[in-house]
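Chemist: what shape does this take:
(one chain, ligands or ions: 1)
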Amino acid sequence: MQIHNFYAGPAILPKTVIEESAQAVRDFANMGLSLLEISHRTKQFEAVMDEASALVHELLNLGDDYAVLFLSGGASSQFFMIPMNLLKDGEKVCYVNTGTWATGAIKEARLFGNVEVLASSEDNRFRHIPKNYVIPDDAAYLHITSNNTIYGSQYQQFPKSPIPLVCDMSSDIFSKNIDYSQFDLIYAGAQKNMGPAGVTLVVIKKSLLGRSGRKLPTMLDYRTHFEKGSMNNTPPVFPIYVSMLTLRWIKTMGGLSRIEERNRNKSELLYKEIDRNSCFEGTVDREDRSWMNVVFVPTKVEFEKPFLEACKSAGCVGLEGHRSVGGFRASLYNALDIESVKVLVDVMSEFEKNNG
Ligand SMILES: Cc1ncc(COP(=O)(O)O)c(C=O)c1O
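Modeler: Below you'll find the predicted structure:
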């Protein structure tokens, strides 16, 4: 039976990427050695780093004024590295709170300065993306989370910011063809739309490097990683290689415009069924619904278990909602084909026939 992978992360990767990665584990670049046992200083691996970085620039359509870094520590480590590197002593900084991850970022920023939470959807159980707030022009930066993996909301338009715009794109980077140059710093854990867990992408305007003026530990200073091409220490070789293959795959698929079209079609199909089907309902305001993490609940609590069982029988896995929210969550990352969404929609309509 074919398995349809709806996990929120670590998550589905293109089949060809898995196959090529497996081959590289056996024999990398015809070296007669596994990718897992070679030096990161070999010319073969340096070529991987260079290609990964060039593909990030190309796919996001960013110029040489941006540095691309491959770091460890997950997106969560960026919650503190960003204020450490960008925030000057005594300066204030602005955040928008749209869910669990934004809350985590705010908590860490408070260790370094005065955080102003400009807007929050917490009172509405994070069911919408706040809009129409005023962004002061005397703060160091504005931090937003483009896609809220747990609650299933997503910015469909970004705020026009008079101060540097910093964005956690962990769960929707490379999913749409947007103007990435509106951001001054973008970061993302790889394990949703880019690769396996273990590497975090940071794309930063070079003019922001060293902005805070603080004395920082070597490994926590973006300048170190920029100056050393993300090789100051041993980088996460395997996750970087798999991420590079995924970026190649995106390019081969036709780039972000084509990926965006795929993602739009998948999410429209699923939301249409949620809105039609009497056994389910969406939780997020329609205009803010995520294309990546579709969160929905049963109209009767007793539907929850049997629906998950029906999904499992059809090969659909990873649909349990996050433990803090419950219900269901279907993650529709880039590598998921629309055929998998069709299978899920069939399970939903069959479920309604039997239970509705
Ligand atoms: C939007 C967002 N930010 C941050 C994180 C934390 O990422 P990591 O586990 O790489 O620290 C996640 C994880 O799911 C996420 O979805």
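Chemist: got the residues of the protein near the ligand?
Modeler: Counting by Cβ under 6 Å from any ligand atom, the residues of the chain close to the ligand are 9, 74-76, 101, 145, 149, 168, 170-171, 189. For glycine as for every other residue, the C-beta is placed from the backbone atoms N, C-alpha and C.
Chemist: give me every residue that touches L344.
Modeler: Applying Cβ atoms under 8 Å, 6 or more residues apart in numbering to L344 gives the contacts 4, 6, 270, 311, 314, 316, 319, 330.
Chemist: what ranges do the strands span in this structure?
Modeler: All strands of the chain, identified by DSSP state E, fall at 4-5, 66-71, 92-97, 114-120, 142-145, 147-148, 153-154, 165-168, 185-189, 200-205, 280-282, 293-298, 316-317, 328-331.
Chemist: whichever residue of the stretch 251-356 of the chain sits closest to the ligand: what's its closest spatial neighbour, skipping adjacent residues?
Modeler: The stretch 251-356 of the chain approaches the ligand most closely through N293 (8.3 Å), counting by Cβ to the nearest ligand atom. Counting by Cβ to Cβ, 6 or more residues apart in numbering, G152 is the residue found nearest to N293 once chain neighbours are left out, at 4.7 Å.
Chemist: tell me where the chain has helices.
Modeler: Using DSSP state H, the helices of the chain run over residues 15-26, 43-60, 74-86, 100-109, 222-227, 237-252, 255-276, 304-313, 338-355.
Chemist: quick one, which of the ones you listed gets closest to T200.
Modeler: helix 74-86 (5.7 Å; Cβ to Cβ).
Chemist: give the other helices and strands that the closest one contacts.
Modeler: strand 66-71, helix 100-109, strand 165-168, strand 185-189, strand 200-205 (3 or more Cβ pairs under 8 Å, 6 or more residues apart in numbering; DSSP states H and E).
Chemist: what is the mean pLDDT for it?
Modeler: The pLDDT scores in helix 74-86 average 98.
Chemist: angle of that helix against strand 114-120?
Modeler: Computed by axes from the mean of the first three to the mean of the last three Cα atoms, to 10 degrees, the angle separating helix 74-86 from strand 114-120 equals 130 degrees.
Chemist: how about the CA coordinates for helix 74-86, as PDB?
Modeler: In PDB, the C-alpha atoms belonging to helix 74-86 read as follows (Å, rounded to 0.1, in the frame of the first residue of the first chain):
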ATOM      1  CA  GLY A  74      17.500  24.300  14.800                       C
ATOM      2  CA  ALA A  75      15.300  27.300  14.100                       C
ATOM      3  CA  SER A  76      14.900  27.500  17.900                       C
ATOM      4  CA  SER A  77      18.500  28.700  18.200                       C
ATOM      5  CA  GLN A  78      17.700  31.600  15.900                       C
ATOM      6  CA  PHE A  79      15.200  32.800  18.500                       C
ATOM      7  CA  PHE A  80      18.300  34.000  20.500                       C
ATOM      8  CA  MET A  81      20.900  34.400  17.800                       C
ATOM      9  CA  ILE A  82      18.800  37.000  16.100                       C
ATOM     10  CA  PRO A  83      18.500  39.400  19.000                       C
ATOM     11  CA  MET A  84      22.100  38.700  20.100                       C
ATOM     12  CA  ASN A  85      23.400  39.700  16.600                       C
ATOM     13  CA  LEU A  86      21.000  42.500  15.700                       C
END
